[in-house]
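Student: Sequence and computational prediction follow.
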Amino acid sequence: MKNNKAIELTITPNYVSDWDFCDAVRELIQNGIDQETLDSENTFDISYDEEEKTLQLCSPKSSLEINTLLLGCSTKTDNSDTVGQFGEGYKIAALVLNRIGKTFTVYNNSKNEIWISSFEKSKVFGEPVLTFKIFDNITENEGLIIEIENVESEEYKELFNVWLDMPGSEQHEKIETTYGWIFTDKDMQGKVFVNGLAIESKSDKHFGYNFKPKYITLERDRKSCNSWDMSRVTADMICEALNSGTLNIKEVIKIAKEGRFSDINNLQY
């Protein structure tokens with residue numbers, strides 16, 4: 001492969017030092033989901049080869065532009081149907097994965113390019129920074145494939161706690177509302193998701209919830225949200241479910257008697 005260019009990002013290896021494998025891949029899954037949200041034909045897929053210890057994330061109609069290597073550059077900033085808003089996603093994922101000993105390769109097929117990230121000593125700052133090397137790669141393939149190597153099977157299994165739609169995931173009993181889903185299975189109690197991605201777990205919740213992004217604003221870490229907003233939206237969801245008859249009023253009374261009020265704060269029925 002011919003090395004066309006190397007682009008230094010002003011991000012050092014210790015940035016987001018508390019992030020782990022799941023945090024990094026969560027960002028990549030989020031990007032794939034968001035791209036599918038913007039174009040329903042751009043079906044996001046994730047696969048794992050246990051023998052090769054390789055994880056692939058594929059978006060068949062996506063491509064990357066050079067300017068997306070700028071922090072804060074995002075095509076989703078003003079779209080309320082997507083989770084990603086801050087323009088950090090895959091850059092931070094690459095950094096974390098490189099730091100913990102994984103390779104990070106992007107097959108930017110629509111541009112006939114391969115992008116490989118690593119830590120290189122900056123010619124400007126004299127310190128290691130995240131660097132993307134971009135190579136020519138003539139191919140007939142389309143779309144975008146992100147490949148991560150050195151992924152252990154136990155690490156892959158942990159992703160089932162990150163994304164509801166992991167291939168082979170268990171299906172759960174749920175009630176659909178305008179604002180998202182209410183999960184009624186006991187094993188989903190207190191679990192919270194936005195657009196299928198796990199955020200914080202609320203042990204005081206009676207139900208589990210999967211919110212649509214337009215109704216819940218995530219904090220910058222993309223793993224938490226304002227608790228008042230969550231309480232307000234869960235109340236709206238339960239109210240809608242009661243009005244439609246998909247949730248039994250007796251169940252809500254039971255919640256109140258058990259003292260689980262966080263699901264139904266601000267409820268007006």
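Tutor: Nice, thanks for sending it over. Numbering: from 1, shown residues only.
Student: which residues sit in contact with residue 133?
Tutor: Residues near residue 133 by Cβ atoms under 8 Å, 6 or more residues apart in numbering: 3, 5, 6, 7, 115, 116, 117, 118. For glycine as for every other residue, the C-beta is placed from the backbone atoms N, C-alpha and C.
Student: ugh, wrong one, I meant residue 106
Tutor: Applying Cβ under 8 Å, 6+ apart to residue 106 gives the contacts 64, 90, 114, 115, 116, 144, 145, 146, 147.
Student: so what's it bridging to?
Tutor: As for beta bridges, residue 106 partners with residue 115, residue 146 under DSSP bridges.
Student: Distance of it relative to residue 200?
Tutor: From residue 106 across to residue 200, the span is 30 Å (Cβ to Cβ, to the nearest Å).
Student: Make CSV out of the contacts of residue 133 and add distance to residue 136, neighbour count and pLDDT.
Tutor: Putting those into CSV (distance: Cβ to Cβ, whole Å; neighbours: other Cβ atoms under 10 Å; pLDDT from 0 to 100) gives the following:
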residue, distance to residue 136, neighbour count, pLDDT
3, 8, 10, 65
5, 10, 10, 90
6, 14, 13, 92
7, 15, 14, 94
115, 11, 23, 97
116, 13, 19, 97
117, 17, 24, 97
118, 18, 14, 97
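Student: List just the nearest of the residues you listed to residue 183.
Tutor: Checking the contacts of residue 133 against residue 183 with Cβ to Cβ, the nearest one is residue 117 at 36.4 Å.
Student: Give me the packing partners of the one helix or strand that closest one maps to, helices and strands only.
Tutor: Assessed by DSSP states H and E, residue 117 sits inside strand 113-121. On a contact count with 3 or more Cβ pairs under 8 Å, 6 or more residues apart in numbering; DSSP states H and E, strand 113-121 meets strand 3-8, helix 89-99, strand 103-108, strand 128-136.
Student: most packed of the ones you listed?
Tutor: helix 89-99 (a mean of 23; mean count of other Cβ atoms under 10 Å).
Student: And it, what does it pack against?
Tutor: Using 3+ Cβ pairs under 8 Å, 6+ apart: helix 89-99 touches helix 21-38, strand 103-108, strand 113-121, strand 128-136.
Student: Strands of the stretch 151-269 of the chain, start to end?
Tutor: Per DSSP state E, counting those that start in this stretch, the stretch 151-269 of the chain carries strands over the ranges 174-177, 180-183, 192-194, 197-198, 208-211.
Student: And these: which comes nearest residue 151?
Tutor: Nearest of those (Cβ to Cβ): strand 197-198, 18.9 Å.
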